[in-house]
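Trainee: quick one, what's the 3D model for this:
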Amino acid sequence: RLPRSGTHKLGAAAILRSGEHPVLPLVGPHRELRLGSDTRALRLQLMLATAEALAPPVAVRPAAVRNLRAMEEAMLTSVLAPATIVTLGGGGFSMSEDGRSLIDDYLLELTGTERPKVCFIPTASGDSHTYSERFLQAFTSRAQTSVLSLFCQDPWGYTTPAMLLDQDLVYVGGGSTANLLALWRLHGLPDILRRAAGQGTVLAGISAGMNCWFQASSTDSYGDLSPLRDGLGFLPGGACPHLLGEQDRRASLRRWVATGQMPTTYAADDHVALVWRDGSLIEAIGEAEEHPALRVQRAGDQAVEHEIPVRLLS
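Mentor: Numbers count the residues shown, from 1 in each chain. Below is the predicted model of the structure:
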């Protein structure tokens with residue numbers, strides 16, 4: 001912390017020093033920085049840029065620090081659009097016999113565009129051709145569609161993931177959460193998707209495509225259901241799709257939360273989606289009755305379920 005008056009020598013090393021009270025109030029406690037949050041990622045970039053600008057050490061007055069703080073807030077306001085993420089426990093075109101889905105209709109409306117650009121990412125299914133074709137059949141008549149194939153599957157071949165920055169909606173399919181995360185990191189998708197979200201692109205996904213955005217998740221990527229604490233961290237806590245649709249999802253989730261193997265977790269049944277803005281849960285929506293959404297958190301050595309009201313779409 002800086003005294004209220006006087007001139008002080010600061011350099012990059014001082015600014016980057018970790019601790020409960022960093023030298024500059026530009027970024028807040030470093031231990032809170034996590035790249036899973038768009039705002040925090042930008043704060044880290046600002047911190048590094050400031051460190052470069054102030055090395056070698058120069059004289060900095062408290063008034064200048066206040067100006068930096070104001071500049072930071074202005075940059076955050078102007079650069080970051082509200083990040084919208086919609087996480088489907090199940091449903092959508094993936095679980096529709098005719099490809100029609102009220103949740104998918106809602107996703108298109110969120111873009112605010114009459115004929116939005118929508119990209120499907122089928123990584124978790126190994127870029128299943130059948131899955132991708134079902135997406136195209138469901139969306140081509142009302143959107144400008146594309147498929148990002150990291151496996152270079154025909155007829156799409158390989159396209160640089162930077163194309164996601166030009167989309168109105170990114171829709172992530174289901175499959176193996178662990179495989180999705182591994183391949184995405186090799187191809188640089190986390191940073192690209194973080195930038196896309198900051199520019200206003202709606203991010204959405206079903207099953208593994210729900211799991212990936214959270215810090216942790218319930219997954220069958222390794223055969224039996226197991227907790228995975230290796231998510232992107234765009235959203236807080238854990239994720240559990242197919243709450244009632246798959247055997248033992250709910251019971252295993254309660255065990256893991258009670259023992260601390262999973263953090264506070266948001267669970268959604270098939271045909272239910274959770275809508276998030278800037279990391280906060282806005283509402284749960286559903287396209288069929290009797291499908292719940294829950295927040296499950298630890299209390300002592302027990303797991304406590306809190307029902308999340310589901311607004312039925314029509």
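Trainee: quick check: mean pLDDT across the helix or strand containing W276?
Mentor: Using DSSP states H and E, W276 maps to strand 272-277. Strand 272-277 shows a mean pLDDT of 98.
Trainee: next secondary structure after it?
Mentor: strand 280-286.
Trainee: list the buried residues in whatever helix or strand comes next after that next one.
Mentor: Once the chain leaves strand 280-286, the next helix or strand it forms, by DSSP H and E, is strand 293-299. When burial is assessed from 16 or more other Cβ atoms under 10 Å, strand 293-299 yields the following buried residues: A293, L294, R295, V296, Q297, R298. In short, each C-beta sits where N, CA and C put it, glycine included.
Trainee: okay if I get these as CSV plus pLDDT and distance to L244?
Mentor: Shown next, in CSV, are the buried residues of strand 293-299 (pLDDT from 0 to 100; distance: Cβ to Cβ, whole Å):
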residue, pLDDT, distance to L244
A293, 98, 11
L294, 98, 10
R295, 98, 16
V296, 98, 13
Q297, 98, 19
R298, 98, 21
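Trainee: mind putting the residues you listed into CSV with distance to Y266?
Mentor: Converted to CSV, the buried residues of strand 293-299 look like this (distance: Cβ to Cβ, whole Å):
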residue, distance to Y266
A293, 7
L294, 8
R295, 6
V296, 8
Q297, 10
R298, 14
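Trainee: what two of those residues are the furthest from one another?
Mentor: Spanning the widest gap among the buried residues of strand 293-299 are A293 and R298, at 18.5 Å by Cβ to Cβ.
Trainee: of the buried residues of strand 293-299, closest to T219?
Mentor: V296 (15.8 Å).
Trainee: OK, contacts around that closest one?
Mentor: C240, L253, R254, V257, T264, T265, Y266, A267, A303, V304, E305, H306 (Cβ atoms under 8 Å, 6 or more residues apart in numbering).
Trainee: ok, so of these, who is nearest V275?
Mentor: Y266 (11.3 Å).
Trainee: what mean pLDDT does the helix or strand hosting the closest one have?
Mentor: Using DSSP H and E, Y266 falls within strand 265-268. The average pLDDT for strand 265-268 rounds to 98.
Trainee: what does that strand contact?
Mentor: 87-90, 210, 214, 216, 218, 235, 237-241, 243, 249-250, 253, 256-257, 274, 281, 284, 293-297, 308.
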